[in-house]
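>>> Compute the structure for the input listed below.
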Amino acid sequence: MKARGDAGYAIYLSPLWSTHATVTFLRDYRIRSLDATQALVLPEPGKGAIYAFPSEQRDFADAVAMLWGEPVRTLDDRFGRPLMFYVQVEAAQAQAWPTGFAPDQTATARFDDAPSLIGMRAGEEDGSLLLHWQAEAGTRRYLTSFVHLIDARGQRIGQADVIPGDGTFPTTIWRGGERVAQRYRPEITDVCSGGEAVRVLAGWYELAADGARRPRLDAPGDAALAGMWTLPFTSRPAAQVQPAMPSSIPLAPGLTLIGHTLSAATTEAGAPLTLDLYMQGAEQSRELPITLTLQSDPAAVLYTGAVAPGATWRAGEVICRRLHLRVPPTTARGDYLLHVTTEEYDQPFAQVTVQPSTRAFDLPEVDQHVDATLGSAIRLVGADIARAGDELKVRLIWQALAPLAAGQKVFVHLLGPDGALLAQSDALPAGDYGTEQWIEGEVVIDEHRLALPATLPAGKYRLRVGMYDPASGARLLAKDAAGQSLAENAINLEIGDLP
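Down below sits the predicted model:
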């Protein structure tokens, strides 16, 4: 096997043997350990790959052979009995990911003295995901990779921390140019997150350095957005779920609503409303159509669709289905029942109090008119800027063009005459009124106060304004009134002299 290493193959040996004391003593740099059930390694350019397994792991060898479309080869002992099974992949073929392992979302993120993130593959049948890494060069750092799942509110709802190959292929043995597809199975802390689209953030940290994260080389921060993942529906034992309002309401044969949680019992016309439905049943109920209705006059259908499409639902367990609803803007003040309807039942289960809307839709007068967009759903229509002592007061006027799924932070940067950053504000808009709560046409007044330095050089000042994802730091795409992209995804507001 070592001879094949000399002949231009990278050799990856199952840890069942590679970690055995005798084998560890005998093998050298040409043979490295790899648990191929948790990670797949593509060798550096110009090399082929050999994935080797002891005779007890023929099924592992068969799985890798099927992946590459190559036969399983046998290495016999001196008595003619199978000693080892291996799959040999030639150099040209080993440079491309096999079917089922290629990224379906590309990413580019470089870290200091750590592998680069190059892609992600989400939606594996077992509820796992693959992240794709590439070694730019070797490193002496023994690093752990992390994956954080961030929901629309910016909350972390799941994570996984993995040493590559589940500890069998540490970063200290990676070679420049090697690529690794590592499997992650994040632990989900939000039982109602099935069906939710989450952002997948990833990076590296070093336990030997008190968990210090490796910084990005190509962007601020120490984490990168790998992609988006719609979490699968997975049932939980009833003892693991705690609805705010327990119940026992039949919805269909074998399906019972055992409780619900409302984000607010009192809301406004036009406001978003989050509802978690806890349903006990089995797999045959997952495609059952349900309708949710607000019993106003006339009744308003808030949702219609399947209970939990494609769910993994063990008999007798509970699926929590989170529904993001919106109260119709024309709903009059009053108390209304929510009904859930199936083919067999029409069941009232909760009451909602609706108040008149306090949202603003009329544009106020402003000193500086602006026409610039962020993403596809937010427009900056104006700004008022004034000095007040040692502070700069900034009032931004935003308008929602469409509902947003995720909350964004606002940045306001004050640049001096030489372009240097002198002061800044980073905050959720309008006193924590997250963009995910805005509705189409709504006008939001967003005030910021920037502490000014003690001395200000003479000259012209300007502000740079925009929004970014607080989890990944990625800014919303900024465009001017003509649809042209703005530099650094920031809107420039001229101030002139600061008195």
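
>>> Can you tell me how far the closest residue to residue 74 other than its chain neighbours is from residue 319?
Distance criterion Cβ to Cβ, 6 or more residues apart in numbering; nearest residue to residue 74, sequence neighbours excluded, is residue 82 at 5.2 Å. All C-beta spots, glycine's among them, are computed from the backbone N, C-alpha and C. For residue 82, the distance to residue 319 equals 46 Å [Cβ to Cβ, to the nearest Å].

>>> So if I had to pick from these two, which one is more boxed in?
residue 319 (29 against 13; other Cβ atoms under 10 Å).

>>> Surely the more buried one and residue 237 touch.
No. Here residue 319 lies out of contact with residue 237, judged by Cβ atoms under 8 Å, at a distance of 11.6 Å.

>>> which residue ranges form the helices in this protein?
With helices called from DSSP state H, the chain shows them at 2-6, 15-18, 21-26, 58-68, 429-432.

>>> Would you single out the least confident of these?
Among the helices of the chain, helix 21-26 carries the lowest mean pLDDT, a mean of 45.

>>> pLDDT weak spots in the stretch 1-150 of the chain?
Residue ranges of the stretch 1-150 of the chain with pLDDT under 70: 1-7, 18-29, 124-125.

>>> Pull out the buried residues from stretch 46-60.
In terms of neighbour count (16 or more other Cβ atoms under 10 Å), stretch 46-60 has its buried residues at 47, 48, 49, 50, 51, 52, 53, 54, 55, 57, 60.

>>> Tell me which residue is most central in the protein.
Nearest to the geometric centre of the chain sits residue 199, at 1.4 Å (Cα atoms, centre = their mean).

>>> what's near enough to touch the nearest residue to it once chain neighbours are set aside?
Among residues not flanking residue 199 along the chain, residue 150 sits closest, at 4.5 Å (Cβ to Cβ, 6+ apart). If you count contacts by Cβ atoms under 8 Å, 6 or more residues apart in numbering, residue 150 has them with 156, 157, 198, 199, 200, 201, 471, 472.

>>> count of neighbours near the spatially closest residue to the third one that is not a sequence neighbour?
Once flanking residues are discounted, residue 198 sits nearest to residue 149: 4.5 Å by Cβ to Cβ, 6+ apart. Applying other Cβ under 10 Å, we find 26 other residues in the vicinity of residue 149.

>>> From residue 199, how far off is residue 149?
On the measure of Cβ to Cβ, residue 149 and residue 199 end up 7 Å apart.

>>> what sits opposite the residue nearest to residue 159 when sequence neighbours are not counted in the beta ladder?
Excluding the flanking residues, the one nearest residue 159 by Cβ to Cβ, 6+ apart is residue 148, at 5.0 Å. With DSSP bridges as the criterion, residue 148 is bridged to residue 159, residue 201.

>>> shouldn't residue 148 be in contact with residue 225?
No. With contacts counted by Cβ under 8 Å, residue 148 stays clear of residue 225, the gap being 10.4 Å.

>>> which residues do the two both contact?
Contacts common to residue 148 and residue 225, judged by Cβ under 8 Å, 6+ apart, are 200, 201, 471.

>>> can you redo the residues you listed as TSV with distance to residue 118, pLDDT and neighbour count?
Shown next, in TSV, are these (distance: Cβ to Cβ, whole Å; pLDDT from 0 to 100; neighbours: other Cβ atoms under 10 Å):
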residue	distance to residue 118	pLDDT	neighbour count
200	14	95	25
201	15	96	23
471	20	79	23
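
>>> For the residue nearest to residue 424 when sequence neighbours are not counted, the count of nearby residues, please.
Closest residue in space to residue 424, ignoring its immediate chain neighbours: residue 413 at 4.8 Å, by Cβ to Cβ, 6+ apart. Residues near residue 413, counting by other Cβ under 10 Å, number 18.

>>> For residue 413, list the residues it contacts.
421, 423, 424, 463, 464, 465, 490.

>>> partners of residue 341 in the sheet?
residue 291, residue 346.

>>> can you pull the contacts of it?
The contact partners of residue 341, taken as Cβ under 8 Å, 6+ apart, are 290, 291, 292, 293, 347.

>>> just those now: which is nearest residue 444?
Comparing these against residue 444 with Cβ to Cβ places residue 292 closest, at 28.1 Å.

>>> what's the closest of the shared contacts of residue 148 and residue 225 to residue 275?
residue 471 (24.4 Å).

>>> Now find how far off-centre stretch 140-155 is within its chain.
9 Å (Cα atoms, centre = their mean, to the nearest Å).

>>> Show me which residues of that stretch are buried.
Buried residues in stretch 140-155, defined by neighbour count with 16+ other Cβ under 10 Å: 141, 143, 144, 145, 146, 147, 148, 149, 150, 151, 152, 154.

>>> would you list these in JSON lines and tack on distance to residue 285?
Listed next are the buried residues of stretch 140-155 as JSON lines, based on distance: Cβ to Cβ, whole Å:
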{"residue": "141", "distance to residue 285": "49"}
{"residue": "143", "distance to residue 285": "44"}
{"residue": "144", "distance to residue 285": "40"}
{"residue": "145", "distance to residue 285": "37"}
{"residue": "146", "distance to residue 285": "36"}
{"residue": "147", "distance to residue 285": "31"}
{"residue": "148", "distance to residue 285": "32"}
{"residue": "149", "distance to residue 285": "26"}
{"residue": "150", "distance to residue 285": "30"}
{"residue": "151", "distance to residue 285": "25"}
{"residue": "152", "distance to residue 285": "26"}
{"residue": "154", "distance to residue 285": "32"}
